[in-house]
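1. need a structure here:
(one chain, ligands or ions: 1)
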Amino acid sequence: MTTPALTLTREITRTGPRPMRAIMLGCGVVGGGVIDRLPDGIKLVGVLARTPRPGGIAGAPVFTDADAVFALKPDLVIEALPGGRFAEQLLERAVQAGCHVVTANKDVAARRPDLVRRAKSFACSAAVGGGAPVLETVQRLSEAGTALTRVRGVLNGTSNFVLDRLARGETLDSAVQAAQEAGFAEADPSADLDGLDAANKLALIAREAWGVQLNPAEIDTQSISDLPAGAGAKARADGRVLRQVASLSRSPVGVKARVRLEALTLDDPLARTRDEGNCVVLSPERGAVVIVSGKGAGRGPTAASVIGDVTRLLAEVRS
Ligand SMILES: NC(=O)c1ccc[n+]([C@@H]2O[C@H](COP(=O)([O-])OP(=O)(O)OC[C@H]3O[C@@H](n4cnc5c(N)ncnc54)[C@H](OP(=O)(O)O)[C@@H]3O)[C@@H](O)[C@H]2O)c1
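-> Predicted coordinates for the structure are as follows:
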C-alpha cells in the first residue's frame, strides 16, 4: 500500500516546483534581450507586441491584443513597453490580476506608487541605472541603517551619449540619431533630452532611500535642446565636460530634487562617465561616499538587470 506514495514523492523530487508562468509585454531592445536569458523556473507562455510574429518567439506565441495575452493567466508579468498610458493600463491590469510584476519602465513606476504598493510584488531595478545597480545599492544601504543625505548622478545614458557627441562638434540631430541606432534612445527622445527621464529616476531613488514620493513632473529640469550651439565644444575647450546632473538632497525641511546641465571639472566622477554610462554618487550622513557606475542603457545591461529581478523573485517565492 506504500508504493504509490513513494512513487509520488520521487516524482515531485525529479520534476521540482511548477515553473512560474510569465508573459512578456514588449519584445524590443530590452524585452528581446530578456526573452533570450529567462532563467530555469520561468515558463514564457506569451508575448505582447505591436507587430505580429506568426512563428512566435522562443517557443511562445506572440499576440497583438492585450486581452489574449492576459487570458493566459500568468503568475508573472514582465513589462518592457514604451512608457506612457498604454503601459500604465497594462501594469494596472497585472496588479489587479494578482500577478508579480517586473518592469523596466521608470515612467509608470515613478508616477504610480499605488501600483507598487498594491502589487503582489513589484520590481523595477532596470528602471534606474540600466545595468548599474543603483536601486539595489540604495536598498542595501537603507537596510543596513545608512542614512543618505545626498544623491548626485548621471542617470540618463542617452543624454550622456548625446553630450559626448556634442562636445566633439556633432549636431544634436546626428547625435540623437546615433543614440537611436545604438538602441539607447526611444523614437521620441524628448523625455531623455528634457530631463524628465532623469526626474523619474530621482523619484524612484527618493522613494527607495527615504520613502518619500516626489512628483517627477514638478522636478526642476533643463533641456539639452535649449543648449546654445557649440556649448559642448566650448566646455571641452575650457577643460570641462557638460553633463546632465540629477541630484537629490535631504534636509529637515524636506527633499530637494533637480536636473541641471553642468560644466564639470574633469576630476568629478560624473565627468568621467562616458557615452551611455551612468554613475551615481551616494553620500551618507556619516562615512565614505558610495559610487555606483555601469552601462546605463542598451540591450545587454538593461536585460541583465530585469533578469536579476526575475531571479530574485524566483528565489523569494521558492524560499
Ligand atoms: N533601451 C534601453 O536602453 C532602456 C534602458 C532602461 C530602461 N528602458 C525602458 O524599457 C522600456 C522598453 O524600452 P525598449 O528600448 O525595449 O523599447 P522598444 O525597443 O521600442 O520596444 C518596445 C516594445 O513594445 C512593443 N509595443 C510598443 N507599443 C505597443 C503596443 N501599442 N501594443 C503592443 N506592443 C507594443 C513593441 O512592439 P514591436 O516590436 O512589434 O514594435 C516592442 O516590442 C521603456 O520603458 C524604456 O524606458 C530602456
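
2. tell me which parts of the stretch 151-300 of the chain are close to the ligand?
-> 183-184, 186, 297-298 (C-beta under 6 Å from any ligand atom). The C-beta positions use only the backbone N, C-alpha and C, and glycine is treated the same way.

3. what about the residue nearest the centre of the chain, distance to residue 107?
-> The residue lying closest to the centre of the chain (C-alpha atoms, centre = their mean) is residue 127, at 1.4 Å. Taking C-beta to C-beta, to the nearest Å as the measure, residue 127 falls 8 Å from residue 107.

4. circling back to that earlier point, per-residue pLDDT of the residue nearest to the centre of the chain, please?
-> What the model reports as pLDDT for residue 127 is 94.

5. the nearest residue to it once chain neighbours are set aside: how many residues sit nearby?
-> Spatial nearest neighbour of residue 127, chain neighbours left out: residue 106 (3.8 Å); criterion: C-beta to C-beta, 6 or more residues apart in numbering. Look at residue 106: counted by other C-beta atoms under 10 Å, it has 26 neighbours.

6. again with residue 70
-> By the criterion of other C-beta under 10 Å, residue 70 has 20 neighbours.

7. and what of residue 207?
-> Counted with other C-beta under 10 Å, residue 207 comes out at 18.

8. roughly how far apart are the nearest residue to it once chain neighbours are set aside and the ligand?
-> Excluding the flanking residues, the one nearest residue 207 by C-beta to C-beta, 6+ apart is residue 213, at 6.1 Å. Residue 213 sits 20 Å away from the ligand, going by C-beta to the nearest ligand atom, to the nearest Å.

9. I figured residue 213 hits residue 204, correct?
-> No. Look at residue 213 against residue 204 with C-beta atoms under 8 Å: they stay out of range, at 10.2 Å.

10. neighbour count: those two, which is higher?
-> More neighbours surround residue 204 than the other of residue 213 and residue 204, with 25 against 13 (other C-beta under 10 Å).

11. and whichever strand or helix holds that one, how far out from the chain middle?
-> Per DSSP states H and E, residue 204 falls inside helix 196-210. Centroid separation between helix 196-210 and its chain, computed with C-alpha atoms, centre = their mean, to the nearest Å, is 11 Å.

12. where does the nearest residue to residue 239 once chain neighbours are set aside land on pLDDT?
-> Sequence neighbours aside, residue 266 is the residue nearest to residue 239 in space, at 6.6 Å (criterion: C-beta to C-beta, 6+ apart). pLDDT, residue 266: 96.

13. distance-wise, check residue 266 relative to the ligand.
-> Applying C-beta to the nearest ligand atom, the value for residue 266 to the ligand is 26 Å.

14. show me the contacts for that residue.
-> Under the criterion of C-beta atoms under 8 Å, 6 or more residues apart in numbering, the neighbours of residue 266 are 239-241, 272.

15. selecting buried members of the residues you listed in PyMOL, what would you type?
-> Those of those that count as buried under 16 or more other C-beta atoms under 10 Å are selected in PyMOL with:
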select buried, resi 240+241
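
16. can you redo the contacts of residue 266 as CSV with distance to residue 119, pLDDT and secondary structure?
-> Below are the contacts of residue 266 laid out as CSV (distance: C-beta to C-beta, whole Å; pLDDT from 0 to 100; DSSP: H, G, I helix; E, B strand; the rest coil):
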residue, distance to residue 119, pLDDT, secondary structure
239, 48, 96, coil
240, 43, 97, strand
241, 40, 97, strand
272, 37, 94, coil
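
17. mind saving the C-alpha coords of the following helix or strand past the helix holding residue 204 as PDB?
-> Once the chain leaves helix 196-210, the next helix or strand it forms, by DSSP H and E, is helix 231-237. Only the C-alpha atoms of helix 231-237 are listed here, as PDB (Å, rounded to 0.1, in the frame of the first residue of the first chain):
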ATOM      1  CA  ALA A 231      28.200  74.700 -25.800                       C
ATOM      2  CA  GLY A 232      29.600  71.200 -25.500                       C
ATOM      3  CA  ALA A 233      32.700  72.100 -27.600                       C
ATOM      4  CA  LYS A 234      33.200  75.300 -25.600                       C
ATOM      5  CA  ALA A 235      33.100  73.400 -22.300                       C
ATOM      6  CA  ARG A 236      35.700  71.000 -23.700                       C
ATOM      7  CA  ALA A 237      37.900  73.800 -24.700                       C
END
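
18. what sits against the residue in the stretch 1-150 of the chain positioned nearest to the ligand?
-> Nearest residue of the stretch 1-150 of the chain to the ligand: residue 28, at 2.0 Å (C-beta to the nearest ligand atom). Counting by C-beta under 8 Å, 6+ apart, residue 28 makes contact with residue 80.

19. list the buried ones in stretch 55-62?
-> Residues of stretch 55-62 classed as buried by neighbour count (16+ other C-beta under 10 Å): 57, 60-62.

20. is it positioned near the ligand?
-> No. Shown here: stretch 55-62 not in contact with the ligand (C-beta under 6 Å from any ligand atom), separated by at least 8.3 Å.
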